[in-house]
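J.: show me how the following folds:
(one chain, ligands or ions: 1)
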Amino acid sequence: MSALVTQGLGIRFGAFHAVADVNLSLEPGARQALIGPNGAGKTTLINLLTGIYKPSAGSIRMNGEDITAWPADRRARSGLARTFQINTLFPSLTPLLSVVLAIHEREGQGATWWRPFCRSKAAFDEAHALLARLRLDTLADVPVAELPYGKQRLLEIALALAARPRILLLDEPAAGVPEDESGELFDVIAELPDDISVLFIEHDMKLVFRFARRISVLVAGRVLTEGSPAEIGHDPRVREVYLGK
Ligand code: ADP
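T.: Down below sits the predicted model:
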């Protein structure tokens with residue numbers, strides 16, 4: 001069963017169809033890229049999947065269940081996590097405390113320090129393990145503002161993972177990250193356990209073709225085509241519309 005499936009998904013802003021008739025499926029363990037020119041509707045599609053926007057048409061199923069009418073918080077609690085294009089971290093907090101707070105949030109008690117769980121060894125052990133998985137363990141106690149930007153973006157992924165998602169939607173995880181750090185960032189994404197399905201928006205074609213196992217191409221709100229990196233790389237329509245070759 002697919003982790004996430006859309007059928008005929010669309011949204012209009014006035015008369016403008018930002019996303020139209022999108023049939024997308026994300027398989028378990030996917031490392032799937034969503035590419036397309038600026039304004040193609042990629043972020044809008046992620047906003048539809050996470051429940052920030054209500055669709056004007058179509059449906060969304062998660063692990064077989066119709067979630068089209070679910071609000072964003074219910075989708076998040078049921079295993080759908082995302083990151084944003086822009087940095088949403090607290091600059092004066094350390095990575096360790098940021099992750100502990102995110103773990104506490106997942107436990108449904110609000111991120112407040114005086115509750116016992118937040119100070120528990122279990123929360124700190126879990127936070128350390130998560131930071132190690134994202135290669136942030138040596139930076140656990142450095143204030144976020146002092147981290148290299150690529151590490152900050154990794155920390156955002158760590159915060160999303162603290163919710164223990166089954167599906168992770170990454171909106172340009174490498175945006176603004178220098179080239180020498182973006183490869184490592186995607187190495188970490190590639191190493192995530194296979195029980196997490198990942199859909200990522202990325203503009204850098206080198207990264208897309210290195211890390212995606214499947215690519216969906218969105219143009220003017222519609223899926224132009226979808227396939228393996230080899231198929232997409234050889235598709236003349238994609239070259240014409242997107243790669244400009
Ligand atoms: P991409 O992420 O592919 O660059 P977006 O999803 O951000 O594209 O935007 C797709 C189109 O939808 C753009 O033309 C954008 O201006 C429009 N759009 C996105 N959100 C809104 C909104 N809330 N109201 C009106 N138009 C919007």
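J.: got phi/psi on the closest residue to residue 175 other than its chain neighbours?
T.: Counting by C-beta to C-beta, 6 or more residues apart in numbering, the nearest residue to residue 175 once its immediate chain neighbours are dropped is residue 85, at 5.4 Å. From N, CA and C alone the C-beta is placed, and that goes for glycine too. The phi and psi torsions at residue 85 (degrees, to the nearest 10) take the values phi -70, psi -30.
J.: show me which residues of the protein are close to the ligand?
T.: For the chain, the contact set with the ligand under C-beta under 6 Å from any ligand atom comprises 13, 18, 36, 38-44.
J.: so how many other residues sit close to the residue nearest to residue 175?
T.: Residue 85 has 14 neighbouring residues, counting by other C-beta atoms under 10 Å.
J.: for it, give me the pLDDT.
T.: If you check residue 85, the pLDDT there is 71.
J.: and the helices in the chain?
T.: 42-50, 72-77, 95-106, 121-133, 149-161, 179-190, 205-211, 229-234, 236-238 (DSSP state H).
J.: tabulate the ones you listed (a markdown table), appending mean pLDDT and mean neighbour count.
T.: Below are these laid out as a markdown table (pLDDT from 0 to 100; neighbours: other C-beta atoms under 10 Å):
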| stretch | mean pLDDT | mean neighbour count |
| --- | --- | --- |
| helix 42-50 | 97 | 22 |
| helix 72-77 | 93 | 14 |
| helix 95-106 | 89 | 22 |
| helix 121-133 | 94 | 16 |
| helix 149-161 | 94 | 22 |
| helix 179-190 | 92 | 16 |
| helix 205-211 | 93 | 17 |
| helix 229-234 | 94 | 15 |
| helix 236-238 | 91 | 14 |
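J.: which non-adjacent residue is nearest residue 53?
T.: residue 47 (4.5 Å).
J.: quick one: residues contacting the closest residue to residue 174 other than its chain neighbours.
T.: Setting aside the residues directly before and after it, residue 174 is nearest to residue 182 in space (C-beta to C-beta, 6+ apart), at 4.1 Å. Neighbouring residues of residue 182 by C-beta atoms under 8 Å, 6 or more residues apart in numbering: 150, 174, 204, 207.
J.: surely the first one and residue 184 touch.
T.: This points to residue 150. Yes. Counting by C-beta atoms under 8 Å, residue 150 does reach residue 184; the two are 6.7 Å apart.
J.: among the residues of the chain next to the ligand, the buried ones, what's the ChimeraX command?
T.: This is the ChimeraX syntax for the buried subset of the residues of the chain next to the ligand, where burial follows 16 or more other C-beta atoms under 10 Å:
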select :18,36,40,41,42,43,44
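J.: show me which pair in the residues of the chain next to the ligand is furthest apart.
T.: 13 and 36 (17.5 Å; C-beta to C-beta).
J.: for residue 65, name its beta-bridge partners.
T.: residue 62 (DSSP bridges).
J.: number of nearby residues for it?
T.: Neighbour tally, residue 65, other C-beta under 10 Å: 9.
J.: same check, this time on residue 107
T.: Count around residue 107 with other C-beta under 10 Å applied: 12.
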